[in-house]
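> Requesting a structural model of the entry that follows:
(8 chains)
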8 protein chains.
Amino acid sequence: MRYDDIGFAKIDTDRARRTGRAEVIFGLGKTAEQVAEILARLAEREALVIATKVTPEQAAAARSALTEGLRAGVTYYEVPRMLVWRRDFGLLDSRDSAGVLSRVAVVCGGTADIPVAEEAALTAELYGCAVSRHFDVGVAGIHRLLDCAEEIRAADVVVAVAGMEGALASVVGGLVAVPVIAVPTSVGYGSSMGGLAALLAMLNSCSLGVSVVNIDNGFGAGYLASLIAK
Amino acid sequence: MRYDDIGFAKIDTDRARRTGRAEVIFGLGKTAEQVAEILARLAEREALVIATKVTPEQAAAARSALTEGLRAGVTYYEVPRMLVWRRDFGLLDSRDSAGVLSRVAVVCGGTADIPVAEEAALTAELYGCAVSRHFDVGVAGIHRLLDCAEEIRAADVVVAVAGMEGALASVVGGLVAVPVIAVPTSVGYGSSMGGLAALLAMLNSCSLGVSVVNIDNGFGAGYLASLIAK
Amino acid sequence: MRYDDIGFAKIDTDRARRTGRAEVIFGLGKTAEQVAEILARLAEREALVIATKVTPEQAAAARSALTEGLRAGVTYYEVPRMLVWRRDFGLLDSRDSAGVLSRVAVVCGGTADIPVAEEAALTAELYGCAVSRHFDVGVAGIHRLLDCAEEIRAADVVVAVAGMEGALASVVGGLVAVPVIAVPTSVGYGSSMGGLAALLAMLNSCSLGVSVVNIDNGFGAGYLASLIAK
Amino acid sequence: MRYDDIGFAKIDTDRARRTGRAEVIFGLGKTAEQVAEILARLAEREALVIATKVTPEQAAAARSALTEGLRAGVTYYEVPRMLVWRRDFGLLDSRDSAGVLSRVAVVCGGTADIPVAEEAALTAELYGCAVSRHFDVGVAGIHRLLDCAEEIRAADVVVAVAGMEGALASVVGGLVAVPVIAVPTSVGYGSSMGGLAALLAMLNSCSLGVSVVNIDNGFGAGYLASLIAK
Amino acid sequence: MRYDDIGFAKIDTDRARRTGRAEVIFGLGKTAEQVAEILARLAEREALVIATKVTPEQAAAARSALTEGLRAGVTYYEVPRMLVWRRDFGLLDSRDSAGVLSRVAVVCGGTADIPVAEEAALTAELYGCAVSRHFDVGVAGIHRLLDCAEEIRAADVVVAVAGMEGALASVVGGLVAVPVIAVPTSVGYGSSMGGLAALLAMLNSCSLGVSVVNIDNGFGAGYLASLIAK
Amino acid sequence: MRYDDIGFAKIDTDRARRTGRAEVIFGLGKTAEQVAEILARLAEREALVIATKVTPEQAAAARSALTEGLRAGVTYYEVPRMLVWRRDFGLLDSRDSAGVLSRVAVVCGGTADIPVAEEAALTAELYGCAVSRHFDVGVAGIHRLLDCAEEIRAADVVVAVAGMEGALASVVGGLVAVPVIAVPTSVGYGSSMGGLAALLAMLNSCSLGVSVVNIDNGFGAGYLASLIAK
Amino acid sequence: MRYDDIGFAKIDTDRARRTGRAEVIFGLGKTAEQVAEILARLAEREALVIATKVTPEQAAAARSALTEGLRAGVTYYEVPRMLVWRRDFGLLDSRDSAGVLSRVAVVCGGTADIPVAEEAALTAELYGCAVSRHFDVGVAGIHRLLDCAEEIRAADVVVAVAGMEGALASVVGGLVAVPVIAVPTSVGYGSSMGGLAALLAMLNSCSLGVSVVNIDNGFGAGYLASLIAK
Amino acid sequence: MRYDDIGFAKIDTDRARRTGRAEVIFGLGKTAEQVAEILARLAEREALVIATKVTPEQAAAARSALTEGLRAGVTYYEVPRMLVWRRDFGLLDSRDSAGVLSRVAVVCGGTADIPVAEEAALTAELYGCAVSRHFDVGVAGIHRLLDCAEEIRAADVVVAVAGMEGALASVVGGLVAVPVIAVPTSVGYGSSMGGLAALLAMLNSCSLGVSVVNIDNGFGAGYLASLIAK
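Residues are numbered from 1 along each chain as shown, chains lettered A, B, ... in the order given. Just a heads-up that it's a prediction; the model follows:
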């Protein structure tokens, strides 16, 4: 399965069926027509198609370009900028063999990180996880993070989203005993260098159990979280 | 739990007991005496103590500095350069509720990546996982990797270790439907910049389900793999 | 012969005649008038003039600025964003002494890499090569790449175009026994750093026979491929 | 006053007398003879001379090269690697007008950061501050840091020393209402890039009241802390 | 207290009351509505709310979005691009125990650095300091800087703002015996790399007593100056 | 004398008179009003005022904002994007004691480098030098450069302007026995990184007698050339 | 075929036979025993085994560790630091169908670049090419390079080796009409950054037909040259 | 003339005679035998041969390797680490037509910069200039620099040598009306990044008339100074 690649349809369909996974379209730099066309093609054989980094304008135009039938299954989520098509509005099933729903906690510090955090959270939900959101718990006000530590600890996997200095990943990593997926964001200015400072900080986390995905890659983190939580 | 920090003993012991996890000592830049002293202190309350990046010379000197009782429980693994102490030589238990042993596949391409790959593999084993090693399957000879694709797919989580251009993570990520932990290594020269080229490549992987740990951090990958596989 | 330099006319004409090579205009940051003017000047003495990185708007305006005679010989290729002028629509002759047409394979992974890949492919065709295109064969779906491995192996030289982590070059390099020209693209986000991650990965390729041109330099790769294939 | 510059003697003596400040010698890359010679020259007119980053070997050799009279006033501190000469063993006076001794808290996370932290702490003491040390309070075990939060809050200024991801500065900055001087250390490996990752993280701290000095510059932080605390 | 974080209200209010500090909103990348909403919420419990990096357009729109009551307390400062709300137009009290107003000197070299310098100066004033501005004293005309050296020396803390090569911090650091907060600005072109050259220069300052905040972070410097000057 | 700083007027006027030098305004990021205002102020006491990096729109607006008297003395040069005001249209006098006019050669390779090259050339002329321009002599067509080698050698100082790989500086440095001022330009794409590749290449020139100014700094090079040629 | 990987034996042998290519061992960071062991294993099925970056000490020790039979076929080349084993001392055959030996020209500028240049030259010879060496033709003395331009033009492919500013690749690229493989070397100091400056310059070459391999990768260039020349 | 290149002898001799210039050998990474051999070869046709960055051990060994006749003409300068051979101990003549000796001022700040500063100074002297040294005038003690401003102003060209933040170049550039050659040094630690911070600062100097050579390139600066001063 690859970001935005239609060509894999033939070989991946089998695996996709086996794994119950969906396809993703990376919206950045695509025209609304391209988004609509790829979505339509994927919808022929998938139960769930997700397009990320889609602006409201792209979303509106892409909807117009779809057939009425497809349009009915499409929802646009403004905060995480995701355009989602679901067949019969059904979600993928992510309960494990014992019937317990997988739990993912998504944590972020500043309001500016929320779009990426919500992208991760919605993605995990679309892949069938129960998601708890903790979006105002930055390390500069550590008590607030501690106040919800028990709730975070209850998750099977934690996604920690942070820009600027990215310290959240290390602190969260020290609080929980489950895998932590760190997502650096491009929030910041000056020497934050478009998220590179946060990325480096997260890679050098002194907490064990932390791994990192690319800058602003909320979808990747949410998807990986659902894989792990399963 | 933090790399090489004794001070956490008091607060972490409880959690460590709960989680059945062990302590780790980062050997790089430590004297053999420091390694021995920290090991001795941790051994008082842990069932498993691991020191990573320990040279044969450090290992020999550290053993000499231990009491006879501790020395008996210590093994030095030369390829991954790990010094391990186990109480009663018992391993941690990692079978899940259904009694199935967690399976981790560790994959690397070149012989020069083996020390880091073996560090990940041995760590996962010490934390109770069944590990399958695939150490000669670089992307330049793709058929060899494909020959063991089924075996790799049987794992609950895959660790992909690669230096130079780090392409292995993307290819493996495309072959499996489970989480892939990518470990860039500092193997290479010139513009590999001590592993930075591989690190960047892995962060930009076009395959979903891939996350990355720091350069040469085999221990971190092995530990995270055991967390995920559990 | 140099990117976009008219001044070389006098000394290069001789060599151009000898080598049957053409001139190239780098369109980025040029006004349509500048493109038209340089094209007109080069057309006086060349059989083939190529302008790269030309937007549809630049192309339309540049055509308007040409004399009717020149305009007739001009074609604009939208996907690779190339504006091409041919005297008598004839192509350069690239068959080798034995009368066999040189064969170039152009390979890329994602749809976003296609403009650069097509720039390489069309360039090689304009210089007289037979080109086979393989544009949906990323490493995340390795079987698809392997499915066309035989076709790729039939080429005299391969151009591998990839953004993000650039792993395609290494995998292709391992599949063929002919020279591989790797073209990193600026496709990606976050730590892809405008193609730098792919560039570094390709330079550190573990496969032999791989060399690299600048980011997004499809023309350079196509030209070099025709030189090698000759 | 400048790192290691003898020439300023003439103009700086006056200011030094006014401000009661001392001179510093940067030991890295100097011969023991150079250290001893500069120390001897500065001792003629100062009450306190500090040499930083001095190895035990340099220290022993430098002592031998001093006259017996000077040697008596010299102490070598092994952990912070500082060689200190004091006239009559008196410290500088740093009590403010109200007679209260200035209080500096020095905080660090890992044992590997202790040499730099101790350099800051000892420097602040030599300049007349009361220093409280908190050397085992990394962000991966946040409760331990919180346990001593009240003690840290009692200081007039806090020095936060951390390598790897440098998150400590942000967390401490959120806990106190006084200035925080962040000191990145070169502790770490791989993408820590000799302390650059920690430096960038600290510069991008989301906590207010935090400023940063150069990597491993414990002396500069301790000196600045004494300036602020005064 | 954290840049632009409303969530901290509950835990920070107490501390804010104790410390008499205010809240800050980082305007960059926010809509006027978001600025107005956060400002309104903070104004319920604070005496002073500051929004930084607010364009004139954002400011006008944000004012319109406020209730009339709040609007009355709002002032927009065009040069430092700050939107400030004060309850009863009262300033915070920053006189020390002996009744002396804290003095902050803000120094910058070029006219292009003035917005950042004025951001620092106004911030320090809003937090109750007496500020002296020296805005045309670059190191290329050293005598002018020396002409106001006595005035600068009279301050309790100095903020040195400079882009390009950032040399001002070192020169000022050598002139005064009080803490110097260096603010690199993104003024410059070519190899100034958005302020990184000035940042690095300031971190490597040969003068003692200098620490550094992030590029263009005038607010942070002004706030820290008021903390230190207190 | 400093880029765009009016404040220096008082102390620099004397030196300016002594040296017969003029003032410069850096136009990038300034409003037309600011350019006009600074120009008007400088024109009160200078014989020559230069504004660089001025767009045609800025130039037109700045002219409108000037008094009629000043407007008469203003010329806008479109290629180098310079706005110049001269009292009585007189040039500075740069003949040396023997009455020989100083000669500066300005060399560049590609048409895209011409704006920066012309900025250097016009600046040197405005400061009284005789300038020979060689604007189509890139290293990819070495014979053309050699054809004018004698002419270049006749200069007292050479300015070599080049983007992309910046090789021109080394080749020219090997051809002449006079100082060479290298000016990297931001011309290029991909890994040219805004001129950084050319800058590094020029700093590492294997030819002696070469020094470097900032990226695109044609004015600085022209000014320095006139200083050296004098 | 991959740098230093034994595991590929099974699948690569067939291709190796078909292509008549050999195996390579990357000596850097290997013990003499490892070099000897890999060499012995490869010698069982190859006609030619090459180890690169082998120090004289490694070479001597590796020879001692070989059986007498293998030792007889081994030659150590001190300048390029290559250890070569040939069965029956025969070279690979590289004449094309018309019976003409492939010609490779290897060009470098400074004496310090010779080891890398000779590594390329010897490699091409071992793979059956006729190699002409031009090792003292740097761009700072352009006439010397021009003196041998005809000889260089006679080659089927040119390898241009250069450290420092790497300008040689562009100049050579402008002189010839055949493919140029540029090899940056780590020769230089300061801002050459271990060859990165030369690498970037070569990637940004204004000459067409130039591609680049990794820093100091003489073997890769020689191998690719033989592939192209064939 | 090129760093360390013997091959240029034939073509450069003529120019060298015309220009009265000498040859230079870059000692770093050369064996004493190589230094001696190149020196001997150059001495056959030059009046002055300079080897830079020569350690005392290299120098002693190189002298031993020379014939007695050559050895007599050789002097080793320990501070600048230069080995110099002069025929008849005569210096090059650098007085201009009016019989006035060219004057070069070499300025540096810290004692650690002296080796590079002295390399520049001695080089300028060897090429016939009168040199005034100002080696203890860093910007942290600005008055000391101002005290010798008149002396510095008397020079025809100034070389400003500085590590750490490199601010000296800007301050000196503002004090004089002649060309300033800035030499960054690798003195510093942490974020000085081997001189890169100083290099960037100098390139971004706000003073006009400043150009920059490579890190630690004292010889290049001294040579260029003599070219300019002539």
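> Only C-alpha atoms from now on, for both contacts and neighbour counts.
Will do.
> residue contacts, whichever residue of chain A sits closest to chain F?
Nearest residue of chain A to chain F: residue A:193, at 14.6 Å (Cα to the nearest Cα). Neighbouring residues of residue A:193 by Cα atoms under 8 Å, 6 or more residues apart in numbering or on different chains: residue A:186.
> isn't there a helix covering it?
Yes. Assigned with DSSP: H, G, I helix; E, B strand; the rest coil, residue A:193 falls within a helix.
> Next, the contact list for the nearest residue to residue A:77 once chain neighbours are set aside, please.
Leaving aside its sequence neighbours, residue A:77 sits nearest to residue A:83 (Cα to Cα, 6 or more residues apart in numbering or on different chains; 6.3 Å). By Cα under 8 Å, 6+ apart, the contact list for residue A:83 reads A:50-52, A:54, A:59, A:74-77.
> now swap in residue A:37 and tell me
residue A:66.
> Pull out the buried residues from the helix or strand where it lies.
Assigned by DSSP states H and E, residue A:37 belongs to helix A:32-43. Residues of helix A:32-43 classed as buried by neighbour count (16 or more other Cα atoms under 10 Å in any protein chain shown): A:32-33, A:35-36, A:38-40, A:42-43.
> what packs against the helix or strand just after that helix?
For helix A:32-43, the following helix or strand on the C-terminal side (DSSP H and E) is strand A:48-52. Contacting strand A:48-52 under the criterion 3 or more Cα pairs under 8 Å, 6 or more residues apart in numbering or on different chains; DSSP states H and E are the following elements: strand A:23-26, helix A:32-43, strand A:82-86.
> Quick one: mean pLDDT for strand A:48-52?
Strand A:48-52 shows a mean pLDDT of 94 in the predicted model.
> Pull up the pairing partners for it, direction included.
For strand A:48-52, the pairing partners within the sheet under DSSP bridges are strand A:23-26 (parallel), strand A:82-86 (antiparallel).
> just checking, next helix/strand downstream of the last one?
The C-terminal neighbour of strand A:82-86 among helices and strands, as given by DSSP H and E, is strand A:103-108.
> Can that following strand be said to contact chain D?
No. Judged by Cα under 8 Å from any Cα of the partner chain, strand A:103-108 and chain D are separated, with a smallest distance of 12.7 Å.
> Backbone torsions only: list them for residue A:159.
Residue A:159 has phi and psi values of phi -110, psi 120 when expressed as degrees, to the nearest 10.
> show me what contacts it?
Here residue A:159 is in contact with A:104-107, A:120, A:180-183, A:221-222, A:225 (Cα under 8 Å, 6+ apart).
> And it, how close does it get to residue B:105?
24 Å (Cα to Cα, to the nearest Å).
> what do you get for residue A:41?
35 Å.
> coming back round to it: identify the farthest-apart pair in the contacts of residue A:159.
A:104 and A:183 (14.3 Å; Cα to Cα).
> Compare the two and say which is more crowded by neighbours.
residue A:183 (36 against 28; other Cα atoms under 10 Å in any protein chain shown).
> pretty sure the more buried one contacts residue A:220?
No. Look at residue A:183 against residue A:220 with Cα atoms under 8 Å: they stay out of range, at 9.0 Å.
> okay, and the common contacts of these two?
Common neighbours of residue A:183 and residue A:220 (Cα under 8 Å, 6+ apart) are residue A:213.
> circling back: export the strands paired with strand A:48-52 to TSV and tack on mean pLDDT and distance to residue B:215?
Output for the strands paired with strand A:48-52, formatted as TSV (pLDDT from 0 to 100; distance: least, Cα to Cα, whole Å):
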stretch	mean pLDDT	distance to residue B:215
strand A:23-26	84	28
strand A:82-86	94	33
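> Helices along chain A, start to end?
A:9-19, A:32-43, A:56-65, A:68-72, A:114-126, A:142-147, A:149-153, A:168-175, A:196-203, A:218-229 (DSSP state H).
> Looking at the ones you listed, spot the one closest to residue G:114.
Comparing the helices of chain A by Cα to Cα, helix A:196-203 comes nearest, at 37.8 Å.
> picking up where we left off before, chain H next: which of the buried residues of helix A:32-43 are close?
Answer for the buried residues of helix A:32-43 near chain H: none qualify (Cα under 8 Å from any Cα).
> ok, so of those residues, who is nearest residue E:155?
residue A:32 (58.3 Å).
> what's the distance between the closest one and residue D:175?
Taking Cα to Cα, one finds residue A:32 at 47 Å from residue D:175.
> likewise residue A:219?
33 Å.
> neighbour count winner among these two?
residue A:219 (29 against 24).
> which one is that one nearest to, not counting chain neighbours?
residue A:120 (5.1 Å).
> can you tell me which residues contact the one you found?
Applying Cα under 8 Å, 6+ apart, the residues near residue A:120 are A:106, A:159, A:218-223.
> Separate out the buried members of these.
For those, buried by 16+ other Cα under 10 Å: A:106, A:159, A:218-223.
> Go through those residues and name the one nearest residue G:213.
Nearest member of the buried ones among the contacts of residue A:120 to residue G:213, counting by Cα to Cα, is residue A:220, at 32.4 Å.
> pretty sure that closest one contacts residue A:226?
No. Using Cα under 8 Å, residue A:220 is not in contact with residue A:226; the gap is 10.0 Å.
> and chain A, what are its domains?
A:4-86, A:103-229 (automatic domain parsing).
> deepest of those, which one?
Comparing the domains of chain A by mean neighbour count (mean count of other Cα atoms under 10 Å in any protein chain shown), domain A:103-229 ranks first with a mean of 26.
> Now find how far off-centre that one is within its chain.
How far domain A:103-229 lies from its chain's middle: 11 Å, per Cα atoms, centre = their mean, to the nearest Å.
> got the end-to-end distance for that domain?
Domain A:103-229 end-to-end distance (Cα to Cα) = 7 Å.
> What pLDDT is listed against residue A:29?
Value listed for residue A:29 in the pLDDT field: 80.
> What is the nearest of the contacts of residue A:159 to residue D:28?
residue A:182 (37.4 Å).
> residue with max distance from the center of chain A?
What lies farthest from the middle of chain A is residue A:68; by Cα atoms, centre = their mean that is 27.6 Å.
> my guess is residue A:212 meets residue A:185, correct?
No. When contacts are counted by Cα under 8 Å, residue A:212 is not listed as touching residue A:185 (11.4 Å).
> How about the contacts made by the one residue in chain A that gets nearest to chain E?
Nearest residue of chain A to chain E, counting by Cα to the nearest Cα: residue A:190, 4.7 Å away. For residue A:190, the contact set (Cα under 8 Å, 6+ apart) comprises E:186, E:194-196, E:214-216.
> Nearest to chain C, out of the residues you listed: which one, please.
After measuring these against chain C - Cα to the nearest Cα - the closest member comes out as residue E:194, at 15.7 Å.
> so who does the closest residue to that closest one other than its chain neighbours touch?
Among residues not flanking residue E:194 along the chain, residue E:186 sits closest, at 4.6 Å (Cα to Cα, 6+ apart). For residue E:186, the contacting residues are A:190, E:163-164, E:192-196, E:215-216, by Cα under 8 Å, 6+ apart.
> related to what we said a few turns ago, identify whichever of the helices and strands packed on strand A:48-52 lies nearest to residue G:129.
strand A:23-26 (47.6 Å).
> Run the chain-centre distance for the closest one.
12 Å.
> Kindly report the same for stretch A:40-57.
The answer for stretch A:40-57 is 15 Å, by Cα atoms, centre = their mean.
> Could I have the CA atoms of that stretch written out in PDB?
Written as PDB, here are the backbone C-alpha positions of stretch A:40-57 (Å, rounded to 0.1, in the frame of the first residue of the first chain):
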ATOM      1  CA  ALA A  40     -13.500   7.200  -7.900                       C
ATOM      2  CA  ARG A  41     -11.100   4.500  -9.100                       C
ATOM      3  CA  LEU A  42     -10.300   3.300  -5.600                       C
ATOM      4  CA  ALA A  43     -13.900   3.300  -4.500                       C
ATOM      5  CA  GLU A  44     -14.700   0.700  -7.100                       C
ATOM      6  CA  ARG A  45     -12.800  -1.900  -5.100                       C
ATOM      7  CA  GLU A  46     -12.400  -0.500  -1.500                       C
ATOM      8  CA  ALA A  47     -14.700   0.000   1.400                       C
ATOM      9  CA  LEU A  48     -12.800   3.000   2.700                       C
ATOM     10  CA  VAL A  49     -10.800   5.700   0.800                       C
ATOM     11  CA  ILE A  50      -9.000   8.500   2.600                       C
ATOM     12  CA  ALA A  51      -7.500  11.700   1.100                       C
ATOM     13  CA  THR A  52      -5.300  13.700   3.400                       C
ATOM     14  CA  LYS A  53      -4.100  17.400   3.300                       C
ATOM     15  CA  VAL A  54      -7.200  18.400   1.300                       C
ATOM     16  CA  THR A  55      -8.100  22.100   1.500                       C
ATOM     17  CA  PRO A  56     -11.800  23.000   1.800                       C
ATOM     18  CA  GLU A  57     -11.600  24.400  -1.700                       C
END
